[in-house]
Every structure is written in C-alpha cells, then in structure tokens.
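Asks: this one's structure only:
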RNA sequence: GGUCUAGUAGCUCAGCUGGAUAGAGCAACAGAUUUCUAAUCUGUAGGUCUCAGGUUCGAAUCCUGACUGGAUCACCA
C-alpha cells in the first residue's frame, strides 16, 4: 500500500461521487504537505477548476468533506488557497511504524533478478590516486549499493590501465636514477614511490627540453615552425609532444621501452611487473581506506588487443567500412555523431576497439542485463559512440548501457593539473580528515577514555564520513568545487552531523534495553509535528531508494539522510522520549529504533559506516 | 566553429517529471545546557533563481534566443 497512490484513487472516487465526472488519476497531483501547513499530503485543486466550474476552495471543501466522511484513510482536512491538505488517520501511521521498526530489512526491495555490471575507478599505474579518483570511487561504490538495495545483482569491476607510455616513463626513470631503491628500502607507500619516478622523469625531461630550446638546433626549429608573432615560450609549450617524439633522447628511450614491452623483452617485462605490483598494492591500501572493493579487475595489458575479431565480423556484416588505406571506420552521421575509427590502417586497435571487446567478454562471462560505466564527463563523446556501436552490433545488453558521467572536481584555486602540482592526493586527504576528527575529539574529550583501538576506529569513521559525505552529496552530473577546509567540517550539513544523530538514537536504545523495555502497542492520541515529520520521511525511504537507483544518483540519498538526521535532532531537542508518558514513550522509542535503522542503512548506501558513540 | 553541459544568498549546494511565501549548510550576529551526549537546537540578516521573450490558471522548473563558464570534436588513452 502506498499512501499517496491510495489518496490519488480516493480523490478520483470522490470526484466521481460528487460530480459524476471521470477524472484521470495521474492528473491528480498528490505531494507531501509542506512543513508550514497542517496535513500529511496535499492535493492541488487548480486542474479541476476549469472542468468543474467552481472555485478551488469550493472543490477542496467538497472533496475534503467527502473523504473525511467516506475514506478510511482521512482523519481531517483543510483548504488553503487551491490546496487541499489531508491528514491521515493516526492509526495508519501507528500501523506503519509497528511493522517497520521491527523489520531489519526495511528499505531493501525484493530481488529483481537483474544482473548489472558496473565499472568504476580506472586508474593508470604510473601515479597514485587523487581526488578525482575519490569522486569516481565513491560514486561507483554508492551506486552499486543503491542498485543492490533496489533489488539488482551488481558485479563491481575495475579496469587498470597498466600499459603504455606513462608507465614506461616511471620505469625508465627508476632504471636510470633509482640505484635499486624500492618502496621497502625507502619506506614510501608503494604507489607514491612509483609516482615519484614519474615526476622525476618529467623533471629530467623538462631539463633536457630546456637545454634543447637554447641550442642552435632548438632555435632553428622555433624559427622555421613558429606561427606569426608567436613567442618562443608559447611555441615550445605547443611543441612539447612533438619534441618528445622526435628530438628527445629520453623520449626515444621511453618509446623503445614500450616497443620492448610489446615484444615481450624479459627484462622490461620483469621491471614492468615489479612496478605495477607496487602501484597496485598501493591502490589496494587506498581502496581499503575508502572501504570499497571489486569483484574483478581487468588489466589493460591483457585486454588491449581485444575486439579486433568483432570488428572483422562487423565489417563483413556491413556495420563498419574500410577505407583505401585499410583502416576501418563506422559511420554514425545518422546518429548525429560522425565517422569514427575502430581499426588503424596498420591493423592495430584503438581505445574504442578495446572497449567493444571488453564489453563482449564481460557479457560472455556474466550475461549482464545492463552495463554501467562510471567515468568523468570529459569522455561523454566516447561513450555515446561506444554505445551506438554496441547497438549496431546488436549486443544483447545494448539497450541498457549507461554512462554515469560525473563532473570534474575543481579546487577553489582552479582546476587540478598534475603538471602544475595542484593535484590533491587521495592518501594525504584521508590522513588530513582523520587528523581533523582527532583534533576536534580531543577538544571535546567525550571519547578520551576509550582504548586506543576503539578511539582510532571512531575517529576514522568520523573523518571519512566528513570527506565522503562532502563529495557524495553533490549531484554527480555537476562539476564540483572542492574546498579542503569544508571537507573536514564536522558541523552542519556533514557526515558527522548525521553520525551524531545516529549516535544519539543508539545511546537511547542502549539505555532502554538496559531497562528491559517492552513494546506496549499503545498509540498516542495526537502525533506531534516533529513525530509526523519523521514518519513521513521514514515512510518515503523505499521510494527514495528507487528514485536514486533509477537516476543512478547517490546525492538523492545523501540529501534524504541529512534531512532525516536534522528532523531527528529537532525531535530529540523538542520532545522527551524516555521521560514521556507511556503511549508517547513507546511510540517515540519505536520511532527512534526505525530512525536509527534508516540512518545506518542509508549511510551504508553512501559507503559511510556509523560509529556507536562519538 | 559543431555537439554536449551548467548558471539559484558572499561561499558550497538542494529544489528542476510545472503548484502555496525559492530552501539548507558555511561564514556574520544574538540566544538556549540542573534534562535521553550542545559534533545539537532557536532566532536575525542575506535573492532581479544570468538576461529577454514564449507556453500555462500557475514557471527557478518546460520551449526559443542571447550572455557567461566548462567539456569534447586525433590512425591518443
């Protein structure tokens, strides 16, 4: 039973009885009543005015009066302007609470038998994870949890981009300059260790490039290739890639290393394996700190040749076409996209080819009904093209592809640019928020007496809640501005604020358990607005999950949870619970039990664990 | 230039499948604790919802156009 839907039908029945008119149910707008008015649900009268030729107030009073008399749902009503506010019978809310508070599955939907494969966090193995990855990881994880709560079966996967020129740069710098140093000997977290050599490569390359710019050869290149009136600095900025691929000695060595890797040269492969293991074990530590995992990792080194056979097949079927130079393309101009290359003229594959192949092998293994990619919105075009191609190839899951495109993370000082050293490192950030939680807790002193381990557990939960909530509360589609100072805030609309409301409920429940509280099933004669506010939100929760799942949008949950926590804080402040008289006490304890469950459940969907005290 | 996307309080964000007086948090100011933990609660102040048209009983929300910002448009990944 759904209150809003039932009311919708009852309004239709009332119109029929009062005016002998059939009115379509879906044209009756039923919404939660706004807080400043009395009532639970509100029906808008305006659409009826033209049809019934009466004032909204008259219609509202007529329908409200009819429902009060005839509906088993409606206790009372009021009409303000064109709005009919309906109050449900207290018994209905009491029944809802009675069922829900004892249901430890409240919020979880029945299984759908739908298999969803979700890909998130696709790092390169040449440097550690940063803030952008954190947004990706939190979104991917949370989405998977939300879909599970909505009843789907979710397979979480990651693609690790472990080959290519970038990792060769790290490898080369290590080989030339490390003198055998390792993460173990240096005591540096292993992914940072590899990242440092990537930076070192860039530094050495920059030095080399500067020498070139001042050499006679460099000056000659500038004079011959510059655009009109182009300054030397501007020219060489643009020329950097070309320099890397032509004159640069380091560039040449790195490219040779890539060729060696492709040939399978044993020493290169051995070094590549070692450095990738370092990076990946570092990633795993960060994933653990963030509380996320994957069912399967795909390594680009094992998948980058995939898809060629599918292109050949599609070529025969006429999905693709071949140019004179033997390169293979697809024409997507009818889909307003363009022509897109899928195989180079030398027969090698591109990124798109690989993605086509990977989607295919995933289907062979998992038979997923739906495939979701959590990737930044800079790749929107790529995924549009990929999805069109998969549709044309008639892949079975092609109708249920989704690119969860999230906006880039910017800093208050501007964009993050690895080259300019303005990237916020994931591990540093995690350390920082936990430290901030510790500072704050030390000042308060509430948990000072706890054993070290228990304290550490709580502080980690608080710090991570601050960081995660700050990121996940923003609508994924929008780019976000990240202010480190705000991310460690523990007051206001934050993760710790929500945790604290949970801790309050938890403390209360511990206390009544010690008193051996037993449910009395008595119903208060009147529900306070603070109680109603909680009930309406709690009642809504399963729908909120459906909505978040349908939109792939964790921020829906984040906003809901904050609102619930806020209402509980107010409830706590305004009304006695344990000290209330019997029917109220009983009711408010059950309310607290359900609030506690829903807070915990919804925060779990965001990947945020709750502390028992703080 | 083509395509996509965003613009709401000083700042960070909700609200966008059209409904009541556009909401939170932060920052500022003023208050509340003999009480189930004040990481809380209450109040004050802060708005041309970028602009101009249109549709509608009703527009922050839908449509059109402009302005501003972002992304993308490689035989890169």
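Replies: On my side now, so go ahead. Predicted model only: the values in this text are computed from it and were never measured.
Asks: Could you pull up the mean pLDDT of stretch A:134-147?
Replies: Mean pLDDT, computed over stretch A:134-147, is 97.
Asks: so, in contact with RNA strand B or not, it?
Replies: No - residues of stretch A:134-147 contacting RNA strand B under Cβ under 7 Å from any atom of the strand: none, with a closest distance of 10.8 Å. C-beta coordinates here come from the backbone N, C-alpha and C atoms, glycine included.
Asks: which regions of the stretch 401-550 of chain A sit below the pLDDT cut-off?
Replies: In the prediction, the stretch 401-550 of chain A carries residues with pLDDT under 70 at positions A:419.
Asks: which bits of it sit near RNA strand B?
Replies: So the stretch 401-550 of chain A meets RNA strand B at A:408, A:412, A:415, A:437, A:440-441, A:444, A:446-447, A:462, A:473-475, A:477-481, A:483, A:486, A:489-494, A:496-497, A:500, A:503-504, A:507-508, A:511, A:547 (Cβ under 7 Å from any atom of the strand).
Asks: for the stretch 251-400 of chain A, same thing?
Replies: A:300, A:304, A:323, A:325, A:327, A:336, A:338, A:341, A:344-346, A:350-351, A:377-382.
Asks: Just the buried residues from these, in ChimeraX please.
Replies: In ChimeraX, this line selects whichever of those come out buried by 16 or more other Cβ atoms under 10 Å:
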select /A:300,304,327,377,382
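Asks: Pick out the residue of chain A closest to RNA strand B.
Replies: Closest contact between chain A and RNA strand B, by Cβ to the nearest atom of the strand, is at residue A:492 (2.1 Å).
Asks: Let me know the helix or strand that that residue is in.
Replies: Here residue A:492, judged by DSSP states H and E, is contained in no helix and no strand.
Asks: tell me the contacts of residue A:8?
Replies: A:25, A:26, A:28, A:30 (Cβ atoms under 8 Å, 6 or more residues apart in numbering).
Asks: hmm, 7 Å instead?
Replies: In this structure, residue A:8 makes contact with A:25, A:28, A:30, judged by Cβ atoms under 7 Å, 6 or more residues apart in numbering.
Asks: would CSV of those with distance to RNA strand B and secondary structure be doable?
Replies: Shown next, in CSV, are the contacts of residue A:8 (distance: Cβ to the nearest atom of the strand, whole Å; DSSP: H, G, I helix; E, B strand; the rest coil):
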residue, distance to RNA strand B, secondary structure
A:25, 14, helix
A:28, 10, coil
A:30, 10, strand
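Asks: Is there a quick PyMOL command that grabs whichever of the residues you listed are buried?
Replies: Typed into PyMOL, the line below selects the buried ones among the contacts of residue A:8, using 16+ other Cβ under 10 Å:
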select buried, chain A and resi 28+30
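Asks: Pick the one among the contacts of residue A:8 closest to residue A:146.
Replies: residue A:30 (25.1 Å; Cβ to Cβ).
Asks: List the contacts of the closest one.
Replies: Contacts of residue A:30 (Cβ under 7 Å, 6+ apart): A:4, A:7, A:8, A:41, A:43.
Asks: Can you flag which of those residues belong to strands?
Replies: A:41, A:43 (DSSP state E).
Asks: top of the contacts of residue A:30 by neighbour count?
Replies: Counting by other Cβ atoms under 10 Å, residue A:43 has the largest number of neighbours within these, with 30 neighbours.
Asks: correct me, but it touches residue A:10?
Replies: No - between residue A:43 and residue A:10 there is no contact under Cβ atoms under 7 Å: 9.7 Å.
Asks: on that earlier part again, pLDDT added to the contacts of residue A:8, as CSV?
Replies: Compiled in CSV, the contacts of residue A:8 are given as follows (pLDDT from 0 to 100):
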residue, pLDDT
A:25, 82
A:28, 86
A:30, 90
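Asks: Could you find the closest non-adjacent residue to residue A:118?
Replies: Among residues not flanking residue A:118 along the chain, residue A:372 sits closest, at 4.6 Å (Cβ to Cβ, 6 or more residues apart in numbering).
Asks: mind checking the SS state of the one you found?
Replies: Following DSSP: H, G, I helix; E, B strand; the rest coil, we place residue A:372 in the strand state.
Asks: Domain boundaries for chain A, per the record?
Replies: Per the record, chain A has its domains at A:3-88, A:164-291, A:487-605, by automatic domain parsing.
Asks: Mean neighbour count, those domains: which tops it?
Replies: Ranked by mean neighbour count under mean count of other Cβ atoms under 10 Å, the domains of chain A are led by domain A:487-605, which reaches a mean of 19.
Asks: quick one: residue A:87 is in a strand?
Replies: Yes - assignment of residue A:87 by three-state DSSP places it within a strand.
Asks: And the closest residue to it other than its chain neighbours, which helix or strand is it part of?
Replies: The shortest distance from residue A:87 to any non-neighbouring residue, by Cβ to Cβ, 6+ apart, is to residue A:76 (4.5 Å). Using DSSP H and E, residue A:76 falls within strand A:74-80.
Asks: Listing partners with orientation, what would you give for that strand?
Replies: Applying DSSP bridges, strand A:74-80 is found paired with strand A:83-88 (antiparallel).
Asks: mean confidence for the partner strand?
Replies: For strand A:83-88, the per-residue pLDDT averages 94.
Asks: Name the residues that touch it?
Replies: Contacts for strand A:83-88 (Cβ under 7 Å, 6+ apart): A:3, A:7, A:33, A:37-45, A:60, A:63-64, A:67, A:73-78.
Asks: Distance-wise, check the residue nearest to residue A:87 relative to residue A:470.
Replies: As defined by Cβ to Cβ, to the nearest Å, residue A:76 lies at a distance of 42 Å from residue A:470.
Asks: hang on, the earlier thing: near RNA strand B, from the contacts of strand A:83-88?
Replies: Among those, the ones lying near RNA strand B by Cβ under 7 Å from any atom of the strand are A:33, A:37, A:39, A:42, A:44.
Asks: so, if you compare the residues you listed, which one comes nearest to residue A:452?
Replies: Comparing these against residue A:452 with Cβ to Cβ places residue A:33 closest, at 49.6 Å.
Asks: which SS state does the closest residue to residue A:589 other than its chain neighbours fall under?
Replies: Sequence neighbours aside, residue A:512 is the residue nearest to residue A:589 in space, at 5.7 Å (criterion: Cβ to Cβ, 6+ apart). Per three-state DSSP, the local secondary structure of residue A:512 is helix.
Asks: Residue A:554 touches residue A:548, doesn't it?
Replies: Yes - using Cβ under 7 Å, residue A:554 is in contact with residue A:548, at 6.4 Å.
Asks: so what's in contact with those two at the same time?
Replies: With Cβ under 7 Å, 6+ apart as the test, residue A:554 and residue A:548 both reach residue A:146.
Asks: quick one: the strands in the stretch 201-350 of chain A?
Replies: For the stretch 201-350 of chain A, the strands defined by DSSP state E, counting those that start in this stretch cover A:296-299, A:321-322, A:328-331, A:339-343.
Asks: Ok, which of those comes nearest residue A:576?
Replies: Here strand A:296-299 is closest among the strands of the stretch 201-350 of chain A (Cβ to Cβ), at 52.4 Å.
Asks: List the buried residues for that closest one?
Replies: For strand A:296-299, by 16+ other Cβ under 10 Å, it's A:298, A:299.
Asks: what's in contact with it?
Replies: Contacts of strand A:296-299 (Cβ under 7 Å, 6+ apart): A:157, A:158, A:159, A:160, A:162, A:358.
Asks: Could you find the closest non-adjacent residue to the fifth one?
Replies: Spatial nearest neighbour of residue A:162, excluding adjacent residues (Cβ to Cβ, 6+ apart): residue A:125 at 4.5 Å.
Asks: so the one you found makes contact with residue A:276?
Replies: Yes - assessed by Cβ under 7 Å, residue A:125 is found in contact with residue A:276 at 5.2 Å.
Asks: Residue A:282: which of the contacts of residue A:8 is nearest?
Replies: residue A:30 (52.5 Å).
Asks: one step back: ok, now which ones touch the residue nearest to residue A:162?
Replies: A:160, A:161, A:162, A:167, A:276, A:279, A:280.
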